[in-house]
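Participant: got a sequence here, can you build the structure:
(2 chains, ligands or ions: 1)
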Amino acid sequence: MNKNKELKVSAIKNGTVIDHIPAQQLFKVISILGLDKIQNQITFGTNLESGQLGHKAIIKVSEKFFEDNEINKIALVAPRAKLNIIRDYEVVEKREVQIPDILVGIVKCVNPKCITNNEEITTRFMVEDKSNVTLKCHYCEKITTSEHFMILK
Amino acid sequence: MKNMSLVSITDFSREEILHILKLAAKFEANPNQKLLDGKVVGCLFFEPSTRTRLSFETAINRLGGRVIGFSDSSSSSATKGETLKDTIKMVSNYADLIVMRHPLEGSARYAAEQSRVPVINAGDGANQHPTQTLLDLYSIQKTQGKLNDLAIAMVGDLKYGRTVHSLLMAMSHFQPMFYFVAPDELRLPDEYKRFMKKAHIAFHEYRDLNEVINYTDILYMTRVQKERFADPMEYEKVKNAYVLRNEMLSQSRNNLRILHPLPRVNEIHTDVDVNEKAYYFQQAENGVYARMAIIAHILGLA
Ligand SMILES: [Zn+2]
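Facilitator: Sure, this is the predicted structure:
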């Protein structure tokens, strides 16, 4: 273990470490995962130096193990996030996030005339292209592309 | 039952489309069939569209059904702030079928999800208007005797025209050759070109209407609206290039027919009306038979 890193964000006994979050997306990730609403012990660090991301953020959530469909929601804002599953201070599993086929209730539709922007309706998109993230609204059928993503939560 | 709603033309397979066209022909041959006897249809028009509403109400009446509803949102509870969801929940307790027109896009898909009874989309903003597409297909089949291997020219506003987009998607089942004629500002969006390339459908783009008139079986005209141009000068430059006049048709194919979703403004000169190739008024009449067929099919009555 790198001692330096240990100092920046303290270790957890059991839980999940979400690493390689772009620093500017940290609070979006927290909000998408609803971490601001749970009782678990959470530590996070941000503006940590990272070769590939410039500045990255890291979140450690004690006693929390995410389901795939739960964690994959962050793929839109942190496509290169890595998960370390910790049990008894040891990394027992490493996972990457994947953009799901269908996105429910995360992104706002870009079309102002869409019914979802005019009434209380959970948004729903088919992911048409995962590498160049392109979303098709289940309701108005318009395309929302990454430069127009507005995260709802 | 609930999943039988018609929201988008892509909800129907090629076989379902052909089945509906066959039914439409039967209703045209015998328009008074009381298949809806004892049934109530909710016609919810959140924005006025007299033409579409009358066509639906005629279809329902010919089938012996009863209509409840409203013809614009000022006479509905929506003006009192009721949500679409609540209106649909209420009406689907009263009616056997809902026909809905709404200015917001995606409203029909949402209504179909909330409703206990099938929903027919009679237009949701600029998104979909599938019953128009089916009456267009019926008109094409009726005038050409077939749907396969036809040359179809679409003219005018190909960027925003939802009838053009839906007809293109529906015709893609039948190996068409498309000619798209539009000013640069209103050309067909790339997503439809990608779709056609994937489906191996031949198409060509033009700016000049005269280049295609003599080589097409169907001339589908749409309106070029001034509001669509960022620069009004551009509109002034092109507006007359997309107006069809009778003399332009002198060398056209004998089987050519001219369609238009109506209402027209000036894109088809009135001197075309006397030409036997003008078909837009019969096309509107076909809408009643197509809608009778759609209703009967969706309710599992034919
Ligand atoms: Zn939408």
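Participant: show me chain A divided up by domain.
Facilitator: If you go by automatic domain parsing, the domain ranges for chain A are A:15-96, A:102-151.
Participant: centroid-nearest residue for chain A?
Facilitator: For chain A, the residue sitting closest to the mean C-alpha position, by C-alpha atoms, centre = their mean, is residue A:74 at 2.0 Å.
Participant: run a quick neighbour tally on the residue nearest to that one when sequence neighbours are not counted.
Facilitator: Once flanking residues are discounted, residue A:74 sits nearest to residue A:29: 5.0 Å by C-beta to C-beta, 6 or more residues apart in numbering or on different chains. For glycine as for every other residue, the C-beta is placed from the backbone atoms N, C-alpha and C. Neighbour count for residue A:29, taken as other C-beta atoms under 10 Å in any protein chain shown: 23.
Participant: my read is that residue A:29 contacts residue A:76, right?
Facilitator: No - in this structure residue A:29 lies outside contact range of residue A:76 using C-beta atoms under 8 Å: 10.0 Å.
Participant: burial count for the closest residue to chain B within chain A?
Facilitator: The nearest approach of chain A to chain B comes at residue A:139, 2.7 Å away (C-beta to the nearest C-beta). For residue A:139, the count of nearby residues is 26 (other C-beta under 10 Å).
Participant: in contact with it: list those residues for me.
Facilitator: Each residue near residue A:139 by C-beta atoms under 8 Å, 6 or more residues apart in numbering or on different chains is listed here: A:109, A:114-116, A:121, A:123-124, B:105-107, B:109-110.
Participant: show me which residues of chain A sit near the ion.
Facilitator: Within chain A, the positions adjacent to the ion are A:109, A:111, A:114, A:137, A:139-140 by C-beta under 5 Å from the ion.
Participant: am I right that residue A:80 is in contact with residue A:19?
Facilitator: No - Residue A:80 is not in contact with residue A:19 according to C-beta under 8 Å; the separation is 9.5 Å.
Participant: so those two - more neighbours on which side?
Facilitator: Neighbours of residue A:80 and residue A:19, each counted by other C-beta under 10 Å, are more numerous for residue A:19; the result is 20 against 14.
Participant: any idea which element that one lies in?
Facilitator: strand A:15-22 (DSSP states H and E).
Participant: ranges for the strands of chain A?
Facilitator: A:15-22, A:42-50, A:54-62, A:82-87, A:90-96, A:102-104, A:124-129, A:134-137, A:143-145 (DSSP state E).
Participant: CSV for those strands, including mean pLDDT?
Facilitator: Below are these laid out as CSV (pLDDT from 0 to 100):
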stretch, mean pLDDT
strand A:15-22, 94
strand A:42-50, 89
strand A:54-62, 91
strand A:82-87, 94
strand A:90-96, 93
strand A:102-104, 90
strand A:124-129, 92
strand A:134-137, 93
strand A:143-145, 89
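Participant: same list, those, but as CSV with distance to residue B:160 please.
Facilitator: Listed next are the strands of chain A as CSV, based on distance: least, C-beta to C-beta, whole Å:
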stretch, distance to residue B:160
strand A:15-22, 37
strand A:42-50, 44
strand A:54-62, 41
strand A:82-87, 44
strand A:90-96, 41
strand A:102-104, 27
strand A:124-129, 21
strand A:134-137, 17
strand A:143-145, 15
